[in-house]
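K.L.:
Fold the following, please.
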Amino acid sequence: HAKNTGVGSYSYYLCTALAKEGMDIEVWSQKGEGLLEYVDTIDGSNNKITVKRVWSKNIDGLFSLIKMIWHKKPKVLHIQHEFSIFGGAFSAVLSPLLPIFARVLGVKVVTTMHGGFGLDQIDSSFIKENGYNIPPFMVKLAFIFIFGLIAHSSNKIIVHEHFQKDELVDEFKIAPASKF
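P.N.:
The predicted structure follows:
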């Protein structure tokens, strides 16, 4: 279990809770040295959590997941969105393809949007810290565009803190409060 990271810990507890509710869970996780595929039975029940290492931290990883959606066509797809999950800015711009593709196939999409910041925090310091080479106003537009596509193509959105919902609804204006 990759419980030593925020996303890993969140994934572990979410999958465990869903399995206890009677769901079989398949996690499509990042490939990596020392990371193995495994099946875990929860509390001796027949409900399983299967982890498959299917994607890499690069643009190919995004397309590996799209391929999994095509082949598996799950009833529900839970996406954990982080801007740098597949690498740099280019892959972040393409990340909305996951929920869009899933919805086209009729898959219900729930997206957890990790991290949170207001538009006012995207300034020259933010640009420098994140290694972007474009002006802050363009980064703001890119975030609004990316968040908007993800929100529009997700059935439900999960955030960790109330301020994140408020920022996405009131400041970014990407979705109604009822979607959270």
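
K.L.:
can we go C-alpha only for contacts and neighbour counts from here?
P.N.:
Noted.

K.L.:
What about the nearest residue to Lys179 once chain neighbours are set aside, how many residues nearby?
P.N.:
Spatially, and ignoring its direct neighbours in sequence, Lys179 is nearest to Lys156 (5.1 Å; CA to CA, 6 or more residues apart in numbering). By the criterion of other CA atoms under 10 Å, Lys156 has 17 neighbours.

K.L.:
for Val93, same thing?
P.N.:
Val93 has 16 neighbours, counted by other CA under 10 Å.

K.L.:
Check Gln121 too.
P.N.:
Neighbour count for Gln121, taken as other CA under 10 Å: 12.

K.L.:
Can you read off the pLDDT for it?
P.N.:
Gln121 carries a pLDDT score of 92 in this model.

K.L.:
circling back: ok, now which ones touch the residue nearest to Lys179?
P.N.:
Contact partners of Lys156, counting by CA atoms under 8 Å, 6 or more residues apart in numbering, are Val109, Val110, Thr111, Lys179, Phe180.

K.L.:
Identify, by residue count, the longest strand of the protein.
P.N.:
As assigned by DSSP state E, the longest strand anywhere in the chain is strand 48-55.
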